[in-house]
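[1] output the structure for:
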Amino acid sequence: MTKVNSKWYAEWFNTKYYHILYKDRDYEEAQLFMQNLVDFLQLDPLAKVLDLACGKGRHSIYLHQLGFQVTGTDLSKNSIAFAKKHEKPGLEFKIQDMCKPLSEEFDAVFNLFTSFGYFKDETNNLNTLKAIKAELKPGGYGVIDFMNAKKVIRELVAEDTKTVNGIKFHQKRWVENNFIFKQIDFKDDGEYFSFTERVKALSLKDFKNYFDQAGIQLLNVFGDYHLQDFDEETSDRLILIFQ
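    Here you go, the predicted model:
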């Protein structure tokens, strides 16, 4: 069994290198997804939205630009410190463990871009869903945007190197005990670093099981950011909408 810090995400996401490695993510596609999502949900113009595991807040900022009252939460102190520079009326950021509910309710709770399934302890996945349920107003919508684990595993690249800002990130990927691992090794300013990401390879069946235990009703399942139907063989994403 590969040994990984049970809270690896708290350490890795708190470094500048996490943001360097992933800085080229397609934010236009992300904004298209959020626009499609709010149109589909028909949220009221001034709806309260929780961006759960918001990182540096880029998506929270965009949702606020669409007119919503947005709260972004994340476990990373560094990410929230950065996001707080963008706070304004109707947009706030807080350090928060996603397993524990905030003491307020929202019209929608968004957990976007595979920000779920990091926990070693299975009960924390269920606790996160229970927390989302507690954070939703009656009739509010929860959204989890996860990877399609079956396709990811089938297309997994065992090893590659990515150079960003002059840093060579050596990446190794494998599957073990139904977790997808990625080890990232690199050197910067004469110092060697190594981090390992771990995400549970959750299927639609797994999520349905969690939802049953949490008393959550699954409403829709989509397979991409254009909200096309989910297909376990071909879809890039597993997008779940629930109440």
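[2] longest single strand anywhere in the chain?
    The strand spanning the most residues in the chain, taking DSSP state E as the definition, is strand 136-147.
[3] and it, which residues are buried?
    136, 140-147 (16 or more other C-beta atoms under 10 Å). No exception for glycine: its C-beta is placed from N, CA and C like everyone else's.
[4] likewise for stretch 168-185?
    169, 171, 173, 179-181, 183-184.
[5] go on, stretch 92-107?
    Applying a neighbour-count criterion of 16+ other C-beta under 10 Å, one finds 92-93, 96, 98-99, 101-102, 106-107 buried in stretch 92-107.
[6] what is the nearest of those to Asn36?
    The nearest member of the buried residues of stretch 92-107 to Asn36, counting by C-beta to C-beta, is Asp107 at 17.2 Å.
[7] surely that closest one meets Lys48?
    Yes: Asp107 lies in contact with Lys48 (C-beta atoms under 8 Å); the separation is 5.1 Å.
[8] how about the helices in the chain?
    8-12, 16-21, 27-41, 58-65, 77-83, 122-135, 149-154, 204-214 (DSSP state H).
[9] deepest-packed of these, please.
    With neighbours defined as mean count of other C-beta atoms under 10 Å, those peak in mean count at helix 58-65, which reaches a mean of 21.
[10] which residue is the nearest non-sequential neighbour of the spatially most central residue of the chain?
    Nearest to the mean C-alpha position of the chain, by C-alpha atoms, centre = their mean, lies Ser115 at 2.0 Å. Nearest residue to Ser115, sequence neighbours excluded (C-beta to C-beta, 6 or more residues apart in numbering): Ala53, at 3.5 Å.
[11] how much space between that neighbour and Gln228?
    Distance, Ala53 to Gln228, using C-beta to C-beta, to the nearest Å: 24 Å.
[12] among those two, which residue is more densely surrounded?
    Taking neighbours as other C-beta atoms under 10 Å, Ala53 and Gln228 compare with Ala53 leading, 23 against 14.
[13] and the pLDDT at the residue nearest to Ser115?
    Looking at Ala53, its pLDDT is 93.
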